[in-house]
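Chemist: sequence and predicted structure, then a few things I'm wondering about:
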Amino acid sequence: MIRLLMIILLLLPAQALAAGGSVNWWDKSATTTLPDAGKVSVYDGSALKTITGSNLKANVIDAIKAPSSQVIGIQPAPTAGAYERKFEVKDKDGSIKMYINASGTVVIAGQLVLGSTPVPLAVSSVSPANGATAQSIIAYPTVTFNKGVDLSISTMYILGNSTAPVVGDTPAAWKIPATLAYGTTYTLKVVKNSITQTDGETTSSCGTTMTDVSGVCQSTFTTATLGISSVNPAAGATSVAGTDGAAFTTVPSTTFSTHALLAAGAGSFTCSSSYYNGSSWINDTTPGDYTSSDNLTYTLDSMIYHKSYDASHLTTYTCDIVKSIGLTSCAAGTSDTGSTCRWTFTTAL
């Protein structure tokens, strides 16, 4: 095979193969030009074939110089892309050992992965999965290919969204860091036929994870609606224990049904108290800053516990979650005020 490669390279004149900055593999002291009367014998595993120098040059060299209808010079139309292979040499197992692209650059397989064949582009996986429902709004849509690619907003996008894709953990994984809405169906598109493959391959597919629609890989997913799974202390709870004037033993919190995006200090989650100090009622509004480690459960980190004065003067806490964060309904014991989901609890004597 190595001998065949060397012979082929000897036949390719510099003016036909030269590309800016490329190594002149054929310009070595040990090489000679194959004369027209010379012959090349190739054993393809089943028969010995002999090709004369003149025929080889006519069938190969001329085919490389310009688009040709010759069988040995099959190539795509000039507009098909800069990385279309115009000529290639394969071994008996079908692995490409050398190819020449449309610009005339010689690429040796060993310069990529020794003995490898440039693989057709394919989508390996997509997340969320095609047809998935109840998806988190913070799970960025991601497409993983079977090899590294270079994408842009024109080749990978969410329909109706202008967020450009960015490379993920590897050059083969790309995600779209878009701000998504609750309860919405999105269509993710990958224009596979417009993705340049720098390893010389020209074909592509959507694999089995996306649907091919006229050369565009498509998948859809629907985000979850936002609800409240639970609140703590529970709505309507009484005799909630704690130390008067100190931080809450169990800090008031709310857990959502899916990822919620609350900004600290923005007032999306507040609690206030009304307590009796022995002479008058005091209204203490303590919005606090809420924290979360998973975007599901949010806690207030600056709440002060006020115990109930007596059975006739119970300290009541009122907590509100603003519906404008995307809540479509109130649940888990909370009441709908129109603008918030609200619940109350009282502290122990």
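Modeler: Arrived safely.
Chemist: of all the helices and strands in the chain, which has the lowest average confidence?
Modeler: helix 14-17 (a mean of 39; mean pLDDT, DSSP states H and E).
Chemist: show me where pLDDT drops low in the stretch 101-250 of the chain?
Modeler: In the prediction, the stretch 101-250 of the chain carries residues with pLDDT under 70 at positions 101-117, 200.
Chemist: repeat that with 90
Modeler: 101-120, 139, 147-148, 193, 196-203, 249-250 (pLDDT under 90).
Chemist: can you give me the strands in it?
Modeler: Along the stretch 101-250 of the chain, counting by DSSP state E, counting those that start in this stretch, strands occupy 106-108, 121-127, 132-135, 142-145, 156-158, 166-167, 173-175, 185-190, 204-205, 211-213, 216-223, 228-232.
Chemist: could you dump those to TSV with mean neighbour count and distance to Leu314?
Modeler: C-beta: built from backbone N, CA, C; applies to glycine. Output for the strands of the stretch 101-250 of the chain, formatted as TSV (neighbours: other CB atoms under 10 Å; distance: least, CB to CB, whole Å):
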stretch	mean neighbour count	distance to Leu314
strand 106-108	20	81
strand 121-127	19	50
strand 132-135	15	40
strand 142-145	22	51
strand 156-158	21	51
strand 166-167	13	54
strand 173-175	20	51
strand 185-190	19	47
strand 204-205	18	68
strand 211-213	13	60
strand 216-223	20	41
strand 228-232	18	19
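Chemist: format those as JSON lines; extra columns: distance to Ala331.
Modeler: Below are these laid out as JSON lines (distance: least, CB to CB, whole Å):
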{"stretch": "strand 106-108", "distance to Ala331": "61"}
{"stretch": "strand 121-127", "distance to Ala331": "28"}
{"stretch": "strand 132-135", "distance to Ala331": "15"}
{"stretch": "strand 142-145", "distance to Ala331": "31"}
{"stretch": "strand 156-158", "distance to Ala331": "29"}
{"stretch": "strand 166-167", "distance to Ala331": "36"}
{"stretch": "strand 173-175", "distance to Ala331": "31"}
{"stretch": "strand 185-190", "distance to Ala331": "23"}
{"stretch": "strand 204-205", "distance to Ala331": "44"}
{"stretch": "strand 211-213", "distance to Ala331": "35"}
{"stretch": "strand 216-223", "distance to Ala331": "18"}
{"stretch": "strand 228-232", "distance to Ala331": "5"}
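Chemist: go through those strands and name the closest to Gly326.
Modeler: strand 216-223 (9.7 Å; CB to CB).
Chemist: can you list the strands that the closest one pairs with?
Modeler: Applying DSSP bridges, strand 216-223 is found paired with strand 132-135 (parallel), strand 185-190 (antiparallel), strand 211-213 (antiparallel).
Chemist: many thanks, we can stop here.
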